[in-house]
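Asks: Turn this into a structure:
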Amino acid sequence: MRTLPADAQEQKGKIAAPGAWLMLLDVAYPSLTASPRTAYKLINNIRGYSYHGNYYEPWAFRLGQVREELKGGLPRVTLSLYDPALTLMQAFQDNAGFSTGEVSVRYVYIDPNHSITDPDIIQFFTILDTTWDDKDSVLNCNISVVSPLSRRFPRDRFVASACRHQFRGGLCRYGEDVDVYGDSAGLIANTRIALYQGTTSDYIRMWGYAMYSYFSVGQHIRVSGSTYNDNEYIIESVRFGENPGYGRFYLESDTRINQSENSSESIEITVTALCDRTITACRANNNSHAYGGSPGVAGGIYG
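Replies: Predicted structure coming up:
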């Protein structure tokens, strides 16, 4: 059971009081990037009040009773926001009903001089979903109390076979210093890329040492902008210097080129590095120092 502050106990225990208990409502939603994150500050009264430097707008709303469950389930309650002018509804529609947003409810005592005294009671909720009652012009928010047990702990989990970092994200750091292609975007797009159907295996040919010198066996790549061969491929073998100035990247047999073509034929072929979050792909991308899994758990091989 929650213990109320002594001042709140005193006010609540009075048989009669000249003032009134009112409810302050703070509503925020996850996609709100501005600071502060609170979208609406409301008070269930005919006039607004300022509390700790924040103005609470008068609004008609109703909060159902929070009931404790013997079985240990998290209690749910309905917050009804009356909106005959459709002021709130548009914002809720534009932001997925404020789903996973936050609601804080504060009960404050206001004396006859319209001053908010400092016994207050505050509760925190999470918005689960929202429905619109067209008949009564009411937004009904299904909310639940916040529980630490509903959050993942620890926040990150190490998995031996999969990197937990997003490719090209801040923790991945791929291309942080010098990208393997000499391009911060990690791609090549020029007129010196050719795609060929070979007699034994298909391959990509690139002119210029700076373009192909960092490609590795096992690397995942994507070809785009071509006429026939936009797809994802895996490099099976790399061969440099067959002729001066270019190298070949032979592809795995299950990733076939549909038709030979050359980017010098009035098209611009783009080759982009990919990652399937395995340690093999991370090594091929020359980035295993930032691998986010735990390769030592399985097999004793560290990145």
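
Asks: CA only for contacts and neighbour counts going forward, please
Replies: Fine.

Asks: So which residues of the chain form helices?
Replies: 6-12, 89-94, 209-212, 279-284 (DSSP state H).

Asks: for the second one, the distance to its chain's centre please.
Replies: Just to be clear, that refers to helix 89-94. Centroid separation for helix 89-94 versus its chain: 20 Å, with C-alpha atoms, centre = their mean, to the nearest Å.

Asks: Report the rounded mean pLDDT for it.
Replies: What helix 89-94 shows for mean pLDDT is 82.

Asks: What helices and strands are in contact with that helix?
Replies: Counting contacts by 3 or more C-alpha pairs under 8 Å, 6 or more residues apart in numbering; DSSP states H and E, helix 89-94 is packed against no other helix or strand.

Asks: Only the buried residues of that helix, if you could.
Replies: The neighbour-count check on helix 89-94 (16 or more other C-alpha atoms under 10 Å) flags 89, 92 as buried.

Asks: Contacts made by it with the rest, please.
Replies: 83, 97-98, 139 (C-alpha atoms under 8 Å, 6 or more residues apart in numbering).

Asks: Dump those residues to CSV, plus pLDDT.
Replies: Formatted as CSV, the contacts of helix 89-94 follow (pLDDT from 0 to 100):
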residue, pLDDT
83, 92
97, 79
98, 84
139, 91
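
Asks: Same list (those) but as JSON lines, adding neighbour count and distance to residue 265.
Replies: As requested, these are exported to JSON lines (neighbours: other C-alpha atoms under 10 Å; distance: C-alpha to C-alpha, whole Å):
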{"residue": "83", "neighbour count": "19", "distance to residue 265": "61"}
{"residue": "97", "neighbour count": "21", "distance to residue 265": "51"}
{"residue": "98", "neighbour count": "25", "distance to residue 265": "51"}
{"residue": "139", "neighbour count": "24", "distance to residue 265": "59"}
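
Asks: out of the residues you listed, what pair is the most spread apart?
Replies: For these, the maximum inter-member distance is 15.5 Å, found between 83 and 98 (C-alpha to C-alpha).

Asks: Need the pLDDT of the nearest residue to residue 39 once chain neighbours are set aside.
Replies: Leaving aside its chain neighbours, residue 39 sits nearest to residue 28 (5.0 Å; criterion: C-alpha to C-alpha, 6 or more residues apart in numbering). Model confidence at residue 28, given as pLDDT, is 83.

Asks: Go ahead and confirm residue 28 touches residue 41.
Replies: No. Using C-alpha atoms under 8 Å as the test, residue 28 is too far from residue 41 to be in contact (9.2 Å).

Asks: neighbour count winner among these two?
Replies: residue 28 (21 against 18; other C-alpha atoms under 10 Å).

Asks: which residues does that one form a beta bridge with?
Replies: For residue 28, the beta-bridge partners under DSSP bridges are residue 38, residue 102.

Asks: Ok, residue 262 next?
Replies: Taking DSSP bridges as the rule, residue 262 bridges to residue 194.

Asks: got the contact list for it?
Replies: 191-195.

Asks: least confident pick among these?
Replies: Lowest pLDDT within those is found at residue 191 (65).

Asks: Figure out how far stretch 54-66 is from the centre of its chain.
Replies: 30 Å.

Asks: Distance check, residue 223 against residue 216.
Replies: Counting by C-alpha to C-alpha, to the nearest Å, the gap from residue 223 to residue 216 is 16 Å.
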